[in-house]
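*Asks:* Would you be able to build a 3D model of this:
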Amino acid sequence: MFYKDERLAIFIDGSNLYASSKALEFEIDYKLLKQEFMRRGKLLRAFYYTALLENDEYSPIRPLVDWLNYNGFTMVTKAAKEYTDSMGRRKVKGNMDIELAVDAMELAPRLDHIVLFSGDGDFRPLIESLQRQGVRVSVVSTIRSQPPMISDELRRQADNFIELDELKDAVGRPSREDSVDDNVQYQDHS
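*Replies:* Numbering: from 1, shown residues only. Down below sits the predicted model:
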């Protein structure tokens with residue numbers, strides 16, 4: 001539940017939201033996403049967290065990062081580490097959990113409600129701490145994918161769980177063929 005006069009901020013775990021929307025077979029329209037939450041309350045900040053490969057001449061996520069940056073999102077990025085797994089697949093590792101948690105804790109005294117776009121169970125202690133400070137926390141992810149993209153403990157800890165699939169009409173656009181190399185798989189583990 002949202003209240004029109006509450007001060008809110010959205011915190012987007014980029015790789016987690018990407019994986020969730022891909023599992024549901026739609027793409028996020030970030031302009032519509034921002035408008036949706038501006039409609040729900042007084043949106044003070046919209047953060048987007050992602051790791052970037054700095055050595056690549058062209059990163060498939062760079063146009064999105066640039067667009068978000070120019071359209072009112074606070075971008076938080078860091079260099080990703082690249083490696084090849086035992087199957088010979090190129091993998092990228094870039095966990096942004098600490099950056100997201102620190103920003104949420106710093107902003108908490110100025111907020112009534114935080115919307116976290118992630119299903120990562122590592123955020124449960126963050127939600128507990130925010131709740132102790134009087135901040136309501138909504139988590140956006142999905143239980144409709146196989147496997148579900150949200151940990152059960154995170155969903156239960158949140159004040160409100162928003163099923164991403166139910167936001168599809170408000171913030172989605174039809175999925176097109178991925179321009180990302182299928183051999184690149186983003187990981188959220190350290």
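
*Asks:* wait, isn't residue 165 in contact with residue 140?
*Replies:* No. The criterion here is CB atoms under 8 Å, and residue 165 misses it with residue 140 at 10.4 Å. No exception for glycine: its C-beta is placed from N, CA and C like everyone else's.

*Asks:* Mind listing what's buried along stretch 119-131?
*Replies:* For stretch 119-131, a neighbour-count test (16 or more other CB atoms under 10 Å) marks 119, 120, 122, 123, 124, 126, 127, 130, 131 as buried.

*Asks:* again with stretch 1-21
*Replies:* Neighbour count says stretch 1-21 has 2, 6-21 buried, by 16+ other CB under 10 Å.

*Asks:* now, which of those residues lie within strands?
*Replies:* Of the buried residues of stretch 1-21, the ones assigned to strands by DSSP state E are 7, 8, 9, 10, 11, 12, 13.

*Asks:* how about the first one, what does it touch?
*Replies:* Contacts of residue 7 were listed using CB atoms under 8 Å, 6 or more residues apart in numbering, and they are 41, 42, 44, 110, 111, 112, 113.

*Asks:* out of residue 165 and residue 140, which sits in the more crowded spot?
*Replies:* A count of neighbours by other CB atoms under 10 Å puts residue 140 above the other of residue 165 and residue 140, at 28 against 19.

*Asks:* what helix or strand does that one sit in?
*Replies:* For residue 140, the host element (DSSP states H and E) is strand 136-141.

*Asks:* Show me where this structure has its helices.
*Replies:* Along the chain, counting by DSSP state H, helices occupy 14-23, 30-40, 62-70, 97-107, 124-132, 152-157, 164-171.

*Asks:* Identify, out of those helices, the most deeply packed stretch.
*Replies:* Most buried of the helices of the chain by mean neighbour count (mean count of other CB atoms under 10 Å) is helix 14-23; its value is a mean of 21.
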